[in-house]
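[1] below is the sequence, then the predicted model.
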Amino acid sequence: MVAHSGRDVTTAVDVLVVGAGTTGLSLALQAHAHGARVRVVERRPEPFRPSRALIVHPRTLEVLRPLGVTDALLERADTAPAVRLRLGSRVVEAGLADLALPDTAFPHLSLMRQTDVETVLTRALADRGVAVERGTELLTTRDDGDSARAVLRSPQGVEEIRYPFVVGCDGPASAVRACAGIGWRGRPYTEEVVLADLDLGGMPPGAGAQVFAGRRGLLFLFPLGEQATWRLLATRASAGGAGRDFGQPGPAVPEAELQRFLDDAGMTTRIERLAWSARVPLQCALARRFRRGRLFLAGDAAHTYSPATGQGMNAGIQDAVNLGWKLGFAASGSGGGSANGFDIELLLDSYERERRAAAHRRLLLTHTAFWAEASTGRLPSWLRAVAAPRTAPAVPVLLGRRRLVAEAIRIISQLRVNYRRSPLSVEGTPPLRGAPRPGDRLPDAAVSVGGPAERLHGLLARPGVHLLLQRDATPPPDTPAGSRVTVLRLLNSPGRGLVAVRPDGHVGFRCGAADPAGLTGWLSLIGAAPSPPGRP
C-alpha cells in the first residue's frame, strides 16, 4: 500500500474494481482475461452474508463459461429443480430442468446461493494472482480526463492513486456513482421482502422448492438456507421507516410473524429453529448514465430491481462481462482518442448504449412481475387469491407447451437481449443471410470442424474474439495471431461467409463473402487488430 502524501501516485493497474460481489468479481475476471491488470477492493472485511440471490440463469452461465468457472459453479448448483406451486387448495408440480432450449448448453434454471457464486469467482481470481483486498474502502474518486484519481483507506493507511479506469460495482448506495455525480432515478416499493433461514418440522425428506400464492403476496421456500435447511422469502406491505438501506437486510422479523406466513399459506409445518431473519426494503431505480469519463457503473450501482424473476445477480454479471473485455482491450490500446482505427471512446461508450437499454427493458419486466406477485392492491390480490386457484387446472397444460415455457425462460434469462443498434454491430458487404444479425447473441449448435460433431459454444469457451468461417470462405488475409483472435472453419456450414463473435458471445460483424477491409476495420474498431509494436 502507498501512504497518502498529497501527491499523485501512478499504479501498475489498469482497472480498479470497487466492490467484490458477483458483479465486481466477474468484471475483474473478464478484464483480466482480456489483457487488463486489475485490482479489486471491498470495504467489508468479510464476504457479505447471507445470500440474497438464489437463481442463476442460462445466459449467465453462457457468458461465464469462457472464464473457466462454469463447471465449478454447476458442482454447487441444483440444475434440475422441481417446484411445487400451491394455488389455494390446488397443487401444481413444475420441473425446471431440460427446458426446450436447444441453442444453449444450459437448458435449465439453476438454484445456487450467491455466496457460492462469489466463492467460485474469488478462487478463480486468486488462481490468476488477483487477491480481493477486503477492508479497503473507496473514500473518493474523480475523472481527470486521461485517468481517474482514487483515494482509498485500509488498515495500512490512506492512499491516493491514479488509475486508467475505475468501475463501481458497489451496490445501490454506490460511492463511485456519488463521486461521478450521476443521477439515480427511481422510487421505493410499497412492498418489502422478508428473508429467513429456518428448520421446519413436518416437511417431507427431499422436498424441493415450494411456492404459495395468496391474497397478501407470495411465499417461497427454498432448500438452500445457509444457517438452516430452508430459506424463506415472502412479500408483504412495507413497514416503512426513514433512512432505509434499499436491498440490504434490515431488522429481524419475530418468529411468530414468520409462523403466520406459513399458517396463512395453509402449511401444517412448524418452525423448529429460526437461525436468522431480516426485512429488506426494495426500490426500482436506474442510473441516468453508466459512464462518466473514466468512471463506470455496473450491477446494482447502475440499476436495482425487485427480486421478481431473479434479475439482480444475473444482470450484474452480464454487465460485467460486457464491460470487462472492453476495458481489457482499451487498457492495451493507444491510451485515448483514435489510433490505427481503434476508437477507444467509441468502444467504451458502447457499454452504456448496450447495457442501459437492456436494463431499462428489464426494469419494466421486473416491475410488472413484482406487481403481480406482491402488490397488495385489489386487482393483484384478487388474481392471486381467486383467479389463480380457479385457473390452476390449466397450468399443467400450459407447462406442457414446452416452446411456450422456453420462450418465457428466454425472456427472463436475457437470451433475447441484442445490441443491434450498437456502433460495434457492423454488417459487411455482401450481407450474410441466414445467420444471426450483428448484435444478436450467437446461439449454440452442433458443428463440424473436421471430426465428430461438437457443440459450438464449447469450441468458443475461451476468452477473445472468434472468427467463424463457413466451409468455402476465403481465409482472412494476415489473420491476427495470438490470444485475442481465433479462427474456426465450420465444415457443415456451406457458403463463403464469415461471422465475428465478440468475447461476450454476441455477433459483432458478418459478411456473405470475403470482405477483408470490413473485417479488418471491425477488428480495429474494437481494438482486436494486431497489436502495434511495443505492445503485448
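    Perfect, I can see it now.

[2] show me where the stretch 1-150 of the chain has strands.
    Using DSSP state E, counting those that start in this stretch, the strands assigned to the stretch 1-150 of the chain run over residues 9-10, 15-18, 38-42, 55-56, 82-87, 90-95, 110-111, 132-134, 137-143, 148-154.

[3] which among those strands is found nearest to Glu118?
    Smallest distance to Glu118 across those (CB to CB): 9.5 Å, for strand 132-134. To be clear about C-beta, it is placed using only N, CA and C from the backbone, and glycine gets the same treatment.

[4] give me the sheet partners of that closest one and which way each runs.
    When pairing is defined by DSSP bridges, strand 132-134 lines up against strand 38-42 (parallel).

[5] surely Leu460 touches Pro503?
    No: the criterion here is CB atoms under 8 Å, and Leu460 misses it with Pro503 at 9.6 Å.

[6] now the helices for this protein?
    In the chain, the segments counted as helices under DSSP state H are 22-33, 58-64, 70-75, 114-127, 175-180, 255-264, 312-331, 344-374, 378-382, 388-391, 395-400, 402-412, 456-459, 516-526.

[7] how far is the last one from where the chain is centred?
    Mean-position distance between helix 516-526 and its chain equals 28 Å (CA atoms, centre = their mean, to the nearest Å).

[8] between it and helix 344-374, how big is the angle?
    Here the directions of helix 516-526 and helix 344-374 differ by 70 degrees (axes from the mean of the first three to the mean of the last three CA atoms, to 10 degrees).

[9] gap between Val92 and Arg86?
    Going from Val92 to Arg86 by CB to CB, to the nearest Å gives 8 Å.

[10] where in this structure is pLDDT low?
    Within the chain, the stretches with pLDDT under 70 are 1-11, 240-244, 334-341, 395-400, 478-483, 530-536.

[11] just want the most central residue of it.
    Closest to where the C-alpha atoms of the chain average out (CA atoms, centre = their mean) is Ile317, at 2.5 Å.

[12] ok, that one - contacts?
    22-23, 26, 60, 63-64, 299 (CB atoms under 8 Å, 6 or more residues apart in numbering).

[13] kindly recompute the last result at 10 Å.
    If a contact means CB atoms under 10 Å, 6 or more residues apart in numbering, then Ile317 has 21-23, 25-27, 30, 56-57, 59-61, 63-64, 117, 121, 298-299 as its contacts.

[14] same check on Val485?
    Val485 sits next to 464-467, 476, 479, 500, 523, 528-530 when contact means CB under 10 Å, 6+ apart.

[15] now with 6 Å, please.
    Contact analysis of Val485 by CB atoms under 6 Å, 6 or more residues apart in numbering lists 465, 528.

[16] partners of it in the sheet?
    Bridge pairing for Val485 - DSSP bridges - gives Val465.

[17] if I look at it, how far off is Thr309?
    Distance of Val485 to Thr309, computed by CB to CB: 36 Å.

[18] got it, and Leu61?
    16 Å.

[19] of the two, who's got more company?
    The neighbour count for Leu61 versus Thr309, taken as other CB atoms under 10 Å, is higher for Leu61 (24 against 21).

[20] go ahead and confirm that one touches Thr70.
    Yes: between Leu61 and Thr70 there is a contact under CB atoms under 6 Å: 5.5 Å.

[21] and the gap between Ala387 and Ser381?
    Ala387 sits at a distance of 10 Å from Ser381 (criterion: CB to CB).

[22] wait, Thr486
    55 Å.

[23] more neighbours: which of the two?
    Neighbours per residue, other CB under 10 Å: of Thr486 and Ser381, the larger number sits with Thr486, 19 against 15.

[24] for that one, give me its contacts.
    By CB under 6 Å, 6+ apart, the contact set of Thr486 is His466.

[25] can you do 8 Å?
    Contacts for Thr486 (CB under 8 Å, 6+ apart) come out as 462, 464-467.

[26] check Ser375 too.
    Counted by CB under 8 Å, 6+ apart, Ser375 has contacts 190-191, 217, 381.

[27] as a markdown table, these with distance to Asp515 would be great.
    Listed next are the contacts of Ser375 as a markdown table, based on distance: CB to CB, whole Å:
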| residue | distance to Asp515 |
| --- | --- |
| Thr190 | 55 |
| Glu191 | 53 |
| Gly217 | 55 |
| Ser381 | 58 |
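
[28] now, the most widely separated pair of the residues you listed?
    Pairwise distances across the contacts of Ser375 peak at 13.1 Å for Thr190 and Ser381 (criterion: CB to CB).

[29] picking up where we left off before, of Leu460 and Pro503, which one has the most company?
    Per other CB under 10 Å, whichever of Leu460 and Pro503 has more neighbours is Pro503, with 28 against 21.

[30] ok, that one touching Arg462?
    No: counting by CB under 8 Å, Pro503 stays clear of Arg462, with 9.4 Å between them.

[31] quickly list what's touching both of these two.
    Pro66.

[32] so what would you say the end-to-end distance of stretch 461-476 is?
    End-to-end distance for stretch 461-476, by CA to CA, to the nearest Å: 22 Å.
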